[in-house]
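J.: Sharing a sequence plus its predicted fold:
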Amino acid sequence: FLADKGNHRHFMAKEIHEQPEVVGRTIAHYVDMAALRVAFADPFPFDFKSLSRLTICACGTAYLAGYVARYWFEKLARLPVDIDVASEFRYREVPMTPGGLALFISQSGETADTLASLRYAKREGQHVLSVVNVATSTIARESDTTAATLAGPEIGVASTKAFTCQLAVLLALAVAAGRARGVLSADEERRIVEAMIGVPSLMTEALKREVDIEHLSRELAKASDVLYLGRGTSFPLALEGALKLKETSYIHAEGYAAGELKHGPIALVDEHMPVVVLAPPGELMEKTVSNIQEVAARGGRIILVGDARAAHEAALDTFATIEMPDVDPIVAPLVYALPVQLLAYHAAVFMGKDVDQPRNLAKSVTVE
Ligand code: G6P
């Protein structure tokens, strides 16, 4: 394999732009396009129906993919989820009921804390399922079952395409769990699978906002602190947005659940604080918009990531809008991840930072 940036200045840009293709490939691998059903090649060697709990464990961006998936497993499969970062999980002395399912997510498949957590779960009698990008990795080898992400090699230290491919696999798993547990009807499954199949073209649509996003990233570049807000699956995506910006541009950023704003972070808001609000369609969109009003009333400069309806509802209160295509709420995190990645990328490039190799960070953390 020869690492090649193609027509891009950085691997991170190339990997962001590859997403319609690699996410499309990953989705195609896990759905039956004709039957509009989720389809895993081999039957699972465990039964989603008899599970009382799913444990998810990972680090960094992979952890945040798991955090999004928690909402999916709970909503689509009514499966209770325990999720933690691996560095905490491995020492928490979590009691686990033998026969349970533990899910590990890792791009490299070599992260030391994730691997140690996997070994702990095995000792606790769990069935180990992993979502990994490197099929030959230690985590893949030590797992009972592996569901691969087909992102291809990811070179940029800040994870982008691996994240959205992880989301694609995790959504397929949540749908499979929902079917097995008798929660999702065939019609609902069909609707979700159709939405998944539509993701690559929506991603291509979202990438067309790049010029606007590049322009807005200069606003972020001027700031010393940036807040990211979202509700539901947009909450972990807000955490991911803040993580991406910190990693690549070294600007201090925090992600917060939009409804938690009034319990602290609103005290920070003034006219110097850009606030990126992720407000995809869905039952929580209006509640997010009312949080926007609270921020605007304190002079905060809102960058809204939302569709035409959200833009209309929040119009008076926003500094700028990154207008997104219409998406089915269930797949929104896959599509809304792209503007979040592009904001971080362009802020860092504008500031002259080394986006592919940020200081102090490693692509794969193989020591504790
Ligand atoms: C490092 C990387 C992140 C990655 C995390 C987990 O911190 O810089 O991009 O999300 O490790 O890595 P993994 O390979 O386990 O997904």
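T.: In hand now; what should we look at?
J.: from here on, contacts and neighbour counts on C-alpha atoms
T.: Fine.
J.: Can you give me every residue that contacts the spatially most central residue of the chain?
T.: The centroid of the chain falls nearest to residue 65 when counting by C-alpha atoms, centre = their mean (4.0 Å). Residues in contact with residue 65 (C-alpha atoms under 8 Å, 6 or more residues apart in numbering) are 163, 164, 166, 167, 236.
J.: Give me the contact status of the helix or strand where it lies with the ligand.
T.: For residue 65, the host element (DSSP states H and E) is helix 60-77. Yes - if you take C-alpha under 6 Å from any ligand atom as the test, helix 60-77 does meet the ligand, through 60, 61, 62.
J.: List buried residues within these.
T.: The neighbour count (16 or more other C-alpha atoms under 10 Å) marks 61, 62 as buried among the residues of helix 60-77 next to the ligand.
J.: Can you add pLDDT and give the residues of helix 60-77 next to the ligand back as JSON lines?
T.: Listed next are the residues of helix 60-77 next to the ligand as JSON lines, based on pLDDT from 0 to 100:
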{"residue": "60", "pLDDT": "97"}
{"residue": "61", "pLDDT": "98"}
{"residue": "62", "pLDDT": "98"}
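J.: okay but residue 152 is in contact with residue 22, surely?
T.: Yes - the criterion here is C-alpha atoms under 8 Å, and residue 152 meets it with residue 22 at 7.5 Å.
J.: How about residue 20, nearest residue that isn't a chain neighbour?
T.: residue 200 (4.2 Å; C-alpha to C-alpha, 6 or more residues apart in numbering).
J.: gap between stretch 209-222 and the chain center?
T.: Using C-alpha atoms, centre = their mean, to the nearest Å, the mean C-alpha position of stretch 209-222 is found 21 Å from that of the whole chain.
J.: show me what contacts the nearest residue to residue 317 once chain neighbours are set aside?
T.: In space, and not counting its chain neighbours, residue 317 is closest to residue 296: 5.5 Å by C-alpha to C-alpha, 6+ apart. Contacts for residue 296 (C-alpha under 8 Å, 6+ apart) come out as 302, 317, 318.
J.: go with 10 Å
T.: 269, 270, 271, 275, 290, 302, 314, 316, 317, 318, 319 (C-alpha atoms under 10 Å, 6 or more residues apart in numbering).
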